[in-house]
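In: Turn this into a structure:
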Amino acid sequence: MPEQNSITLLAELTFAEPLAGPELAALAAVVGATRTEPGCLEYVAHTSATDPHKVLFYERWQDQTALDAHNQTAHLAAFRAAVGPRLAAPGALGFWKRLA
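Out: Okay, the predicted model is just below:
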């Protein structure tokens, strides 16, 4: 099974105010660029249905090497620079391995 070593990352970000304008553009840019990266199986951003201050990234990576490479990209650095000051708290990251 080629996805046996895949990694799923759930990254939850909580912002002081709901994202708007430039921050939403930065989010769209990082999602679009990330989806073209080698080893990216899935990369989707969600907003909470009950709290507009929360954004959840659902990420699936072929392996740890692909995720490590993603963390070094210019588009992720640009996204962090654009939205980092708006965070209400540090992001919560959960790493998951495929079972079945």
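In: can we go C-alpha only for contacts and neighbour counts from here?
Out: Noted.
In: any low-confidence regions in the protein?
Out: 1-3 (pLDDT under 70).
In: counting residues per helix, which one in it is longest?
Out: If you go by DSSP state H, the chain has its longest helix at helix 22-34.
In: ok, then the element right after it?
Out: strand 40-47 (DSSP states H and E).
In: So which elements touch the longest helix of the chain?
Out: The elements that helix 22-34 packs onto, with contact taken as 3 or more Cα pairs under 8 Å, 6 or more residues apart in numbering; DSSP states H and E, are strand 40-47, helix 74-83.
In: who does the longest one touch, helix- and strand-wise?
Out: In other words, helix 74-83. helix 22-34.
In: Give me the buried positions along the helix it packs on.
Out: Of all the residues in helix 22-34, those buried under the rule 16 or more other Cα atoms under 10 Å are 23, 26, 27, 30, 31, 34.
In: try stretch 60-79
Out: So for stretch 60-79, counting by 16+ other Cα under 10 Å, buried means 60, 61, 62, 63, 66, 67, 70, 75, 76, 79.
In: Quick check: the gap between residue 87 and residue 96.
Out: 24 Å (Cα to Cα, to the nearest Å).
In: Check residue 39 too.
Out: Applying Cα to Cα to residue 39 and residue 96 gives a distance of 16 Å.
In: Show me which of these two is the more surrounded one.
Out: residue 39 (19 against 12; other Cα atoms under 10 Å).
In: For residue 12, list each beta-bridge partner.
Out: residue 56, residue 92 (DSSP bridges).
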